[in-house]
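> A predicted structure for the sequence below; I have some questions about it.
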Amino acid sequence: MRQIQHWIDGQLTGGTGGRVGEVFNPATGEQTGEVALGSHADVDRAVQTASAAFETWRFSSLTQRQNIMFAFRELVATRKMDFARVLTAEHGKTIDDALGEVQRGLEVVEFACNIAHLLKGDFSEQVSTGVDTYTIRQPLGVVGLHRVERALAEVPVDAPWKAPKAAEWDRTTLEAWKVQNLTTSGSRALFDLACEAIYGAEPREITLLYNLAYTAAAGNEKNPGNFALLVATPDGAQESRFVGGSQRIPLLVARRLGAQVVLKAPVRRIVQGHGRVKVHADGIVVDAREVIVAVPPVLAAQIHFAPKLPQAHLKLLKGIRPGKLIKWEAVYERPFWRDAGLSGQAVSEVGPANTTFDNTPPSGSPGILFGFVGGDQARAFAKMSRSARRDAVLGNFATYFGDEARSPKASFEMNWAQEAWTKGCPVGHSGVGVLQRYGPQLRKPFRHVHWAGTEVATYWTGYMDGAVRSGEAAAREVLRALRR
C-alpha cells in the first residue's frame, strides 16, 4: 500500500498522530494509499521551520524572491502531467480536467512571479482635507493563529480553569506570548492596541488563559467563539448599537419595576442567617430569601459579608481588576467624513485615541465621532489637562479624517476608572494565577447569595449580551432555590 508522507523542513516525514487516513480513488472506489495523520507536534515543527525560513525570505531582495518564483514556475510547468495524475487519482477528475486545474494554478504562480511590482505600495493624496494615505506591503511570514484556534478548542467556556494547560497558560502573560510569537514591530504594536481597546489593559496585565477564555466566549452554543468575531464590526462584537443609546435598557426596565428600584442606596453589608438574607444599604435594609449580587467584582469585594466570604472567592473578586478605558466624543453639525467615503472607523499606532468609530444617530445628524483611550495611554491621558486632552484627541481625529475634525461644536469624555460604581471599563480581567486557581468560585453561590454580571457570563463575557445571559442564569438559579 502506498504510504503518503508529509513535507516538513525540506524532507518527507511520516505523521506521528497515531491515526491513519485512507486515500481512495473516487472514480473507482479503490483504496490507493494511506497517510499517517500528523500530530500537534508535527504542526508545530512545520510552523517552526517555516518561521525560520521566513527570516531569510523577508530580508532577501525582490530580485532574489522573483528568481525563486520563476524557478517554482518552471518546476510546476515541467511536471504538469504528474500533478494531473495525482488529481485524477485523488479527486476522480479526468486527465483533461485535471490538466486544466493545474494550468489555472500555474497561471496564479506566473502572476506571483511579478512580485517586484505586486509589492509596490500605494499613495493617495488628499483623500480628505489634509489627509493623505499610503500603503506599505511587507511579508508577514507564517500565520500562527492555528495555535490559538487549537488552544480555544481546549478551553471550556463555562470552566476555562479545567483546560489541560490551564496552569501553564495562567502563568503566561500576553506580553510574554507576544514577544515569543510576534516578530515584527508592526504586529506587536497592533497586538498592544487590541489589548487596550478590548480589555482597557496592557498585555503584561492579562494572562493567556484569560484571553483564551474571553475569546472562546465570543460565540454561542452553536457557534464557537473566535478572535475574528471578537474584533469585527460587521457580523462581530462591535456590529450593533441601540437607537437612543444603551442607557434606554435600564431606564425602560426601571420604569416597569417602578418603586421597586431604589436609587442612591449602595449596599454595604450582606448578612445571612436562619435561611434569610439581610441586605444593608444606605438608608434601607431589605430582608429576602435569596440575593443576586450584580456589580463588578471590584465593587463586590468591598461589600462586607457575614458570615465572611470564603477566602478563595474573596481573592477571586480582588484579583479581577477593571480595565482603564476613556471614551472621548466629538459632536459636529454633520458626519463630514462620509463625504470622502470614510467610515469613521480607524485603528492607529499613534495615540491617544488609537481606535475610533462613527457614533452618528440613524437620522444622520449630528455627526459624532468617538475614540477609545486605553491601558497605559489612559493612565497618562487622565493626568493631562482638559484642554490638552481635547487637543490630543482632535489631533488624532484630524489625522484620520481631515482638519475639519479639529472644530467640533461640542465634546464629551468619560473616564470609567473615575466612575464610583464601575471603577473601570470595559471588563474586569485577571492577572497571573488568578483564574486557574480561584476561577471555580466565579459562579458558585455563597449560601443564599448568587452572582451575576458580564464577568460571570459563559458567553460574551465583557459585553452587554453576556451581562443579560448571566442575569438570566442567576434568575433561574434563584427560582430553583425558592422552590426547595
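Structure received.

> partners of the helix or strand hosting residue 12 in the sheet?
For residue 12, the element it lies in under DSSP states H and E is strand 11-13. Neighbouring strands of strand 11-13 in its sheet, by DSSP bridges, are strand 6-8 (antiparallel).

> output the contacting helices and strands for the helix or strand following the strand holding residue 12.
Beyond strand 11-13 on the C-terminal side, the first helix or strand identified by DSSP H and E is strand 20-24. Contact partners of strand 20-24 among helices and strands, from 3 or more Cβ pairs under 8 Å, 6 or more residues apart in numbering; DSSP states H and E: strand 31-36. All C-beta spots, glycine's among them, are computed from the backbone N, C-alpha and C.

> just the residues contacting the strand holding residue 12, thanks.
Here strand 11-13 makes contact (Cβ atoms under 8 Å, 6 or more residues apart in numbering) with 5, 6, 7, 42.

> again, but for stretch 298-307
Taking Cβ under 8 Å, 6+ apart as the rule, stretch 298-307 contacts 267-272, 293, 314, 317-318, 320-322, 421-424, 428, 446, 449, 451.

> which of those fall in strands?
267-272, 293, 320-322, 428, 449, 451 (DSSP state E).

> including pLDDT, could those residues go into TSV?
Below are these laid out as TSV (pLDDT from 0 to 100):
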residue	pLDDT
267	97
268	97
269	98
270	98
271	98
272	97
293	98
320	97
321	96
322	95
428	95
449	98
451	98
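
> who wins for neighbours among the residues you listed?
residue 428 (27 neighbours; other Cβ atoms under 10 Å).

> pretty sure it contacts residue 325?
No - counting by Cβ atoms under 8 Å, residue 428 stays clear of residue 325, with 11.9 Å between them.

> for residue 98, the count of nearby residues, please.
22.

> helix, strand or coil for residue 127?
Under DSSP: H, G, I helix; E, B strand; the rest coil, residue 127 falls in the strand class.

> isn't it up against residue 337?
No - here residue 127 does not reach residue 337: they are 10.3 Å apart, not a contact under Cβ under 8 Å.

> what segments of the stretch 201-350 of the chain are helices?
Using DSSP state H, counting those that start in this stretch, the helices of the stretch 201-350 of the chain run over 208-216, 227-231, 248-257, 297-300, 311-319.

> what are the contacting residues of the third one?
Put plainly, it is helix 248-257. So helix 248-257 is contacted by 242, 261, 464 (Cβ under 8 Å, 6+ apart).

> what's the answer for the last one, then?
With Cβ under 8 Å, 6+ apart as the contact definition, helix 311-319 has outside contacts at 297-298, 300-301, 308-309, 430-431, 434, 437-442, 444, 446.

> ok, the first one next?
By Cβ under 8 Å, 6+ apart, the list of residues contacting helix 208-216 from outside reads 148, 151-152, 155, 157, 160-161, 163, 166, 169-170, 172-174, 177, 198-199, 224-227, 230, 427, 429-430, 435-436, 461-462.

> okay, now the domains of the protein?
The chain is divided into the following domains under automatic domain parsing: 2-118, 145-231, 248-319+451-483, 322-418.

> residue 136: which of those is closest?
Closest to residue 136 of the domains of the chain, according to Cβ to Cβ: domain 145-231, at 9.1 Å.

> so after the helix-or-strand element of the chain with minimal mean pLDDT, what's the next helix or strand?
Between all helices and strands in the chain, the lowest mean by mean pLDDT, DSSP states H and E belongs to helix 145-153, at a mean of 73. Using DSSP H and E, the next helix or strand after helix 145-153 towards the C-terminus is helix 166-171.

> how about the CA coordinates for whichever helix or strand comes after that following helix, as PDB?
Scanning forward in sequence from helix 166-171 by DSSP H and E, the next helix or strand is helix 174-181. Provided in PDB are the C-alpha atoms of helix 174-181 (Å, rounded to 0.1, in the frame of the first residue of the first chain):
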ATOM      1  CA  LEU A 174       0.100  38.100  26.900                       C
ATOM      2  CA  GLU A 175       3.300  40.200  26.900                       C
ATOM      3  CA  ALA A 176       5.400  37.000  27.100                       C
ATOM      4  CA  TRP A 177       3.200  35.400  24.400                       C
ATOM      5  CA  LYS A 178       3.600  38.400  22.200                       C
ATOM      6  CA  VAL A 179       7.400  38.500  22.500                       C
ATOM      7  CA  GLN A 180       7.600  34.800  21.700                       C
ATOM      8  CA  ASN A 181       5.200  34.700  18.800                       C
END
